[in-house]
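Asks: Need a 3D model of the sequence below.
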Amino acid sequence: MGISAQEKILKITKQYLNIPVSHKEERAKMYFEIDGRTQTPVVVRLADGEPDYWIFRDVSSIKGRTIKIRYEGNPAGLDKIYQDDKITEADRIYKEKNRPQFHFTTMRGWINDPNGLIYYDGEYHLFYQHNPYEKEWENMHWGHAVSADLVHWKELPDALYPDHIGTMYSGSTVIDYDNTAGYNKKNNPAMIAFYTAASPEKQVQCMAYSLDKGRTFIKYDKNPLIDSKAKWNSVDTRDPKVFWYAPAKHWVMVLNERDGHSIYTSGDLKDWKYESHVTGFWECPELFELAIDGDKSNTKWVMYGASGTYMLGDFDGKVFTPTHGKYYFTTGTIYAAQTFNNIPAKDGRRIQIGWCRLSHPGMPFNGMMSLPTELTLRTTKDGVRLFSKPVEEVEQLFTLQDEWTSLSSDEANNRMKKYYDGDMLRIETTIKLSHATNAGFNLFGQRIIDYDLNPNMLNGMFYSPEDMTSMELTADIYIDKTSIEVFIDGGKYSYSMERRPHAGNKEGFHFWGNNIEVKDLKVYDVKSIW
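Replies: Residues are numbered from 1 along each chain as shown. Have a look, this model is predicted:
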């Protein structure tokens, strides 16, 4: 027999509700009723006994009002919910043992896809898929953080909440400078978010606008904008990426529908016309133009999906015509990467952030964002390819500690002994194979670099250097508490992995390979972004 819903009534006088979570409990629905209006419920593992960790809800916007909390699970945990102007264990946040120190993570809960990446009025906005009630997936909200430099982030209250149409899946934001949607106020252009509202029956596309730089959003009262389940006979219609296409003076939406990416156009951001479809992609579409080798008179459009495969082609504002691809430029834990809208023309960079699908043992949060990288198109021996390397802003975090040249592997390993306990480092190195056909670099037995020159396999993926007879491989390695990101040969290829030292291995950092030369080796200390 189920437990009937119990309730707790509070007059809000503080900034936060602190809520205990225990993974020994089953999930149950929790309802928040404010001024007699019940919000869309969330599911929570409310702790009866000792909590595994505490999560929080910012209620500063309803101070002075009364909130009623109803819970359909074990009611004992309701008594533990309390309000305070501090988050429980706030003094430990960002200092936890397995908290990444130079990658963005949320204070509490689960995160996945970056959403709505945009630059506006001195701020980079990172919205993201967020379950604020648990460190596992559920209750999708749009989390929100801002940064002045792409490196140091300030987490803000969640920006979009589940509603009667569905939970908040991935999407994008634009700044409507020309007031095409009609929401601007004098010289204050609206930031407009496009998102998927997901229910078990279907996924539909919606919009919301903000006049306070994304701090609060008002949802369009005629949502949804697009309901295409019947057309595609599929629930999988999601993740709208919207941008302005200047030559035709209209908005473009790239939307994942069933087996690929569809393109829609609009003049007012509300009424959308289907134009075309490109098969072969899954989730989280991107479409943008890049100069080849920096020549703005010679460009290609890039289309990619969540897995990191991409095509190069031409785009006329309605139809993307692939001319090259599909290729990989990055693999590993990174997924669902998105690029920033509205980067100033004088900057001109195409900046990307992706979700790193990894966990942080023992922590009350899950998932993190990759380092922000700049994407460029460059001509290679194999044709034009997409390169990715960390943005220049991250350089402020690193201080050179040691630099050596022309070392044997034994000499390099001896030099690296001083960093045996290093849990955050950046390492730049060039390895030259000699008698070896394969070589690499390990961290406590985990192979950060595993390169076999004969089949051209690098950590399980085919990779051919620019010089086809080259015996050298250059790597820029970023090691955080729980992750490793590697950029090969100036960003021609990159990959990421969860940091997993082998149990019982004592070797620390270790170069291996028959008679290899470590041509250069640089080790940097890393500052925390927190």
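Asks: for the protein, what helix or strand is lowest in average pLDDT?
Replies: strand 37-38 (a mean of 90; mean pLDDT, DSSP states H and E).
Asks: What separation is there between residue 270 and residue 241?
Replies: 17 Å (C-beta to C-beta, to the nearest Å). Just so you know, the C-beta spots here come from the backbone N, C-alpha and C atoms, and that holds for glycine as well.
Asks: When those two are compared, which one has more neighbours?
Replies: Legend: neighbour count by other C-beta atoms under 10 Å for residue 270 and residue 241, higher for residue 241 (26 against 16).
Asks: Now find how far off-centre the host helix or strand of the more buried one is within its chain.
Replies: Here residue 241, judged by DSSP states H and E, is contained in strand 237-245. How far strand 237-245 lies from its chain's middle: 17 Å, per C-alpha atoms, centre = their mean, to the nearest Å.
Asks: who does that strand pair up with?
Replies: Take DSSP bridges as the rule and strand 237-245 pairs in its sheet with strand 250-257 (antiparallel).
Asks: Show the subsequent helix or strand relative to the strand it pairs with.
Replies: Proceeding N to C from strand 250-257, the next assigned helix or strand is strand 260-266, under DSSP H and E.
Asks: I'd like the mean pLDDT over that next one, please.
Replies: The average pLDDT for strand 260-266 rounds to 98.
Asks: buried residues in the helix or strand following it?
Replies: Sequence order places strand 273-279 as the next helix or strand after strand 260-266, per DSSP H and E. Neighbour-count burial for strand 273-279, with 16 or more other C-beta atoms under 10 Å as criterion, is recorded at 274-275, 277-278.
Asks: now strand 273-279 and strand 260-266, what's the angle there?
Replies: Taking axes from the mean of the first three to the mean of the last three C-alpha atoms, to 10 degrees, strand 273-279 and strand 260-266 form an angle of 160 degrees between their directions.
Asks: Tell me which other helices or strands strand 273-279 touches.
Replies: Strand 273-279 is packed against strand 260-266, strand 320-328, with contacts defined by 3 or more C-beta pairs under 8 Å, 6 or more residues apart in numbering; DSSP states H and E.
Asks: most tightly surrounded among the ones you listed?
Replies: Highest mean neighbour count of those: strand 260-266, a mean of 21 (counted as mean count of other C-beta atoms under 10 Å).
Asks: Adjacent strands (with direction) for that one?
Replies: Note on strand 260-266: by DSSP bridges, its sheet partners are strand 250-257 (antiparallel), strand 273-279 (antiparallel).
Asks: Contacts for the helix or strand following the shortest one, please.
Replies: Read that as strand 273-279. Per DSSP H and E, the first helix or strand lying C-terminal to strand 273-279 is strand 286-292. Here strand 286-292 makes contact (C-beta atoms under 8 Å, 6 or more residues apart in numbering) with 241, 243, 252, 254, 261, 263, 298-305, 315, 320, 337-339, 350, 375-379, 384, 386.
Asks: Quick check: which ranges of this protein have low pLDDT?
Replies: The model of the chain has pLDDT under 70 over residues 1-5.
Asks: Not counting the top helix by length along it itself, show me its contacts.
Replies: Identified as the longest helix of the chain according to DSSP state H is helix 409-415. Contacting residues not belonging to helix 409-415 are listed as 402, 404, 407, 507, 509-513, 516, 518, 521 [C-beta under 8 Å, 6+ apart].
Asks: Direction included, what does the least confident helix or strand of the chain pair against?
Replies: When DSSP bridges is applied, strand 37-38 pairs with strand 28-34 (antiparallel).
Asks: Let's see the strand it pairs with as PDB, backbone CA atoms only.
Replies: The C-alpha atoms that make up strand 28-34 are tabulated as PDB, following Å, rounded to 0.1, in the frame of the first residue of the first chain:
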ATOM      1  CA  ALA A  28       8.800   9.900  -5.200                       C
ATOM      2  CA  LYS A  29       7.000  12.900  -6.400                       C
ATOM      3  CA  MET A  30       7.400  16.200  -4.600                       C
ATOM      4  CA  TYR A  31       5.000  19.200  -5.200                       C
ATOM      5  CA  PHE A  32       5.700  22.800  -4.500                       C
ATOM      6  CA  GLU A  33       2.600  25.000  -4.100                       C
ATOM      7  CA  ILE A  34       3.100  28.700  -4.000                       C
END
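Asks: buried ones in that strand?
Replies: Of the residues in strand 28-34, 28, 30-32 count as buried by neighbour count, 16+ other C-beta under 10 Å.
Asks: likewise stretch 293-301?
Replies: 300-301.
Asks: And the helices in this protein?
Replies: Under DSSP H, the chain gives helices at 229-232, 409-415.
Asks: would a markdown table of these with mean neighbour count and distance to residue 426 be doable?
Replies: What follows is the helices of the chain, written out as a markdown table (neighbours: other C-beta atoms under 10 Å; distance: least, C-beta to C-beta, whole Å):
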| stretch | mean neighbour count | distance to residue 426 |
| --- | --- | --- |
| helix 229-232 | 13 | 45 |
| helix 409-415 | 16 | 16 |
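Asks: Any chance of TSV for those, columns distance to residue 7?
Replies: Shown next, in TSV, are those (distance: least, C-beta to C-beta, whole Å):
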stretch	distance to residue 7
helix 229-232	36
helix 409-415	63
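Asks: With residue 205 as the reference, name the closest of the ones you listed.
Replies: Closest to residue 205 of the helices of the chain, according to C-beta to C-beta: helix 229-232, at 11.1 Å.
Asks: other SSEs contacting the closest one?
Replies: Helix 229-232 packs on no helix or strand, going by 3+ C-beta pairs under 8 Å, 6+ apart.
Asks: Need the contact partners of it.
Replies: 201-204, 235, 237, 257-258.
Asks: So which of those residues wins on neighbours?
Replies: residue 203 (27 neighbours).
Asks: Looking at strand pairing, list the partners for the residue lying closest to that residue once chain neighbours are set aside.
Replies: Distances taken as C-beta to C-beta, 6 or more residues apart in numbering put residue 238 closest to residue 203, at 4.6 Å, once the chain neighbours are dropped. Beta-bridge pairing of residue 238, defined through DSSP bridges, involves residue 256.
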